[in-house]
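J.: Fold the following for me, if possible:
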Amino acid sequence: MRDQLQIIQQVLVEPEVEQVANEAMTFCHQNKIHSAVDFKAIIDQHLKDLKPKDKNGLHLLNPLSGNKLDKQIQPQKSSIQDYEKLFKK
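T.: Numbers count the residues shown, from 1 in each chain. Coordinates of the predicted model:
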């Protein structure tokens, strides 16, 4: 029991976690999740989901998050001239 409380205290020390922690606690309660380790993992995953793009500009998708995929996303297209320049070298 003490270990569980220590994990929760460590998670709640970070200021940006307050709103996410409330949502995670509701999620844990609704889904009968009683482990502080799982609570922390849910918060960590939610914080990762808040950052939708990585450094390369790629959209990171999590099919289990419940978010609908944006069907309007168009892939980047390469120019044939770029490839022709490479072959001429």
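
J.: buried residues in the strand or helix carrying residue 26?
T.: Using DSSP states H and E, residue 26 sits within helix 18-30. Within helix 18-30, the residues scored as buried using 16 or more other CB atoms under 10 Å are 20-21, 24, 28. Placement of C-beta: from N, CA and C, glycine included.

J.: Can you name every helix or strand that that helix contacts?
T.: In terms of contacts (3 or more CB pairs under 8 Å, 6 or more residues apart in numbering; DSSP states H and E), helix 18-30 is packed against helix 2-12, helix 36-49.

J.: Just say which of those is most tucked in.
T.: helix 36-49 (a mean of 16; mean count of other CB atoms under 10 Å).

J.: report the angle between the axes of that one and helix 18-30?
T.: 130 degrees (axes from the mean of the first three to the mean of the last three CA atoms, to 10 degrees).

J.: quick one: helix 36-49 to chain centroid distance?
T.: Average the C-alpha atoms of helix 36-49, do the same for its chain, and the two points are 9 Å apart (CA atoms, centre = their mean, to the nearest Å).

J.: So residue 12 is in contact with residue 18, correct?
T.: Yes - counting by CB atoms under 8 Å, residue 12 touches residue 18, with 7.5 Å between them.

J.: Can I get the host helix or strand of residue 83 in CSV? Just the C-alpha atoms.
T.: Here residue 83, judged by DSSP H and E, is contained in helix 80-88. This file holds the C-alpha atoms of helix 80-88, laid out as CSV (Å, rounded to 0.1, in the frame of the first residue of the first chain):
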residue,chain,number,x,y,z
ILE,A,80,10.5,13.3,-60.4
GLN,A,81,13.2,16.0,-61.0
ASP,A,82,14.8,15.2,-57.6
TYR,A,83,15.3,11.6,-58.7
GLU,A,84,16.5,12.6,-62.1
LYS,A,85,19.2,14.8,-60.5
LEU,A,86,20.3,11.9,-58.3
PHE,A,87,20.7,9.6,-61.3
LYS,A,88,22.7,12.2,-63.3
